[in-house]
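> just the structure for this:
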Amino acid sequence: MQLKNIFDLSKVSSLEKEYFEQLINEKSFYVERIVSKGHVTPKGEWYDQGRDEWVMLLQGEAEILYDDLSGDKMYAGDCLLIPAHKRHRVIYTSEEPECIWLAIHFEKS
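Numbering: from 1, shown residues only. Down below sits the predicted model:
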C-alpha cells in the first residue's frame with residue numbers, strides 16, 4: 001500500500017500538457033487523476049469514449065461542451081456522469097487554481 005494525496009502536485013513537473021495519472025486499473029473500470037491548467041480539447045476534436053465516465057472536479061473551474069451544443073459549467077465539488085459515446089470536449093479549465101479531476105471509467109453490467 002502506498003499513501004497518496006490527491007491534491008499533491010509535487011510530482012507534476014510541468015503542466016505544458018494535461019497530466020494523467022492512473023490510480024486504479026481493473027478489467028471493468030479504471031480510476032484516474034487529471035490535472036489541467038488552462039488546457040482544453042484541441043479545436044475540432046471530440047472525446048467519444050467507449051465507457052461511461054463519472055467525473056468529479058475536486059479543485060478549480062471547468063466547462064464541458066457536448067456535440068448537441070449543451071454544456072456544463074463545473075466548480076469544485078461538482079460531479080457528473082458522461083455516458084459512453086456522448087461526444088464532448090473541454091472548452092475551459094482554470095489556471096489558478098489548477099483543475100484536479102477524479103475520473104472513473106467503467107462499463108455497465
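> against residue 31, how distant is the residue nearest to residue 92 when sequence neighbours are not counted?
Excluding the flanking residues, the one nearest residue 92 by Cβ to Cβ, 6 or more residues apart in numbering is residue 63, at 4.1 Å. For the C-beta atoms, the positions are set from N, CA and C on the backbone; glycine is no exception. In this view, residue 63 and residue 31 are 23 Å apart by Cβ to Cβ, to the nearest Å.
> residue 75 versus the residue nearest to residue 92, what's the distance?
Per Cβ to Cβ, residue 63 is found 10 Å from residue 75.
> any chance you could map the strands in this protein?
For the chain, the strands defined by DSSP state E occupy 19-25, 29-36, 52-59, 61-66, 71-75, 79-82, 88-93, 99-106.
> what packs against the last one?
Which is strand 99-106. Applying 3 or more Cβ pairs under 8 Å, 6 or more residues apart in numbering; DSSP states H and E, one finds that strand 99-106 contacts strand 29-36, strand 52-59, strand 61-66.
> do that again at 7 Å, thanks
With contacts taken as 3 or more Cβ pairs under 7 Å, 6 or more residues apart in numbering; DSSP states H and E, strand 99-106 sits against strand 29-36, strand 52-59.
> dump these into CSV; add mean pLDDT as well.
As requested, these are exported to CSV (pLDDT from 0 to 100):
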stretch, mean pLDDT
strand 29-36, 96
strand 52-59, 98
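> okay, now residue 73: neighbour count?
10 (other Cβ atoms under 10 Å).
> let me see the contact set for it.
By Cβ atoms under 7 Å, 6 or more residues apart in numbering, residue 73 lies in contact with residue 63.
> JSON lines please, covering the strands of the chain and showing distance to residue 44.
Below are those laid out as JSON lines (distance: least, Cβ to Cβ, whole Å):
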{"stretch": "strand 19-25", "distance to residue 44": "21"}
{"stretch": "strand 29-36", "distance to residue 44": "19"}
{"stretch": "strand 52-59", "distance to residue 44": "21"}
{"stretch": "strand 61-66", "distance to residue 44": "13"}
{"stretch": "strand 71-75", "distance to residue 44": "17"}
{"stretch": "strand 79-82", "distance to residue 44": "19"}
{"stretch": "strand 88-93", "distance to residue 44": "9"}
{"stretch": "strand 99-106", "distance to residue 44": "22"}
